[in-house]
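Asks: Okay, predicted coordinates and the sequence, questions at the end:
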Amino acid sequence: MISLNQNMSKYGIVDKDIMTDPDVSLQAKGLYAILTTFADKERKCFPSVSLLADISNKSVSQVSLYLKELKNKHYIKREGKYLYIT
């Protein structure tokens, strides 16, 4: 088990738009919130899918589906190894 305090900042800023979007699953919203804890001032991050799976207690394939959902809704975008929270 990983220690969250060692691997993430203490908080992330979550946009209200995603939290109130009825077309985004609760799981994808939770993953988005986790991603914000990794993001820098440019809203850029690069946690591995396996780390996100460990933190969220989901499988790698489930996390990949939630990431795809967030990308399709334009809440995140990938450029190279980075994810940008939009």
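Replies: That came through, no problem.

Asks: What residues does Thr86 make contact with?
Replies: Listed by CB atoms under 8 Å, 6 or more residues apart in numbering, the contact set of Thr86 reads Arg43, His74, Tyr75, Ile76, Lys77. Heads up, the C-betas are built off the backbone N, CA and C, glycines and all.

Asks: what's the spacing between the nearest residue to the fourth one once chain neighbours are set aside and Ile13?
Replies: So that's Ile76. Excluding the flanking residues, the one nearest Ile76 by CB to CB, 6 or more residues apart in numbering is Leu70, at 4.6 Å. According to CB to CB, to the nearest Å, Leu70 stands 16 Å off from Ile13.

Asks: about what we covered before: please pick the buried ones from the contacts of Thr86.
Replies: By neighbour count, with 16 or more other CB atoms under 10 Å, those hold Arg43, Tyr75, Ile76 as buried.

Asks: Keep only those of those residues that are in strands.
Replies: Members of the buried ones among the contacts of Thr86 lying in strands (criterion: DSSP state E): Ile76.

Asks: between the buried ones among the contacts of Thr86, which is nearest Val60?
Replies: The nearest member of the buried ones among the contacts of Thr86 to Val60, counting by CB to CB, is Ile76 at 17.0 Å.

Asks: List the contacts of the closest one.
Replies: Residues near Ile76 by CB under 8 Å, 6+ apart: Tyr32, Leu35, Leu67, Leu70, Leu83, Tyr84, Ile85, Thr86.

Asks: and with 6 Å instead?
Replies: Applying CB atoms under 6 Å, 6 or more residues apart in numbering to Ile76 gives the contacts Leu70, Leu83, Ile85.

Asks: partners of it in the sheet?
Replies: Ile85 (DSSP bridges).

Asks: higher neighbour count, Leu70 and Ile13?
Replies: Leu70 (23 against 10; other CB atoms under 10 Å).

Asks: can I assume that one is in contact with Gly30?
Replies: No. Look at Leu70 against Gly30 with CB atoms under 6 Å: they stay out of range, at 10.9 Å.
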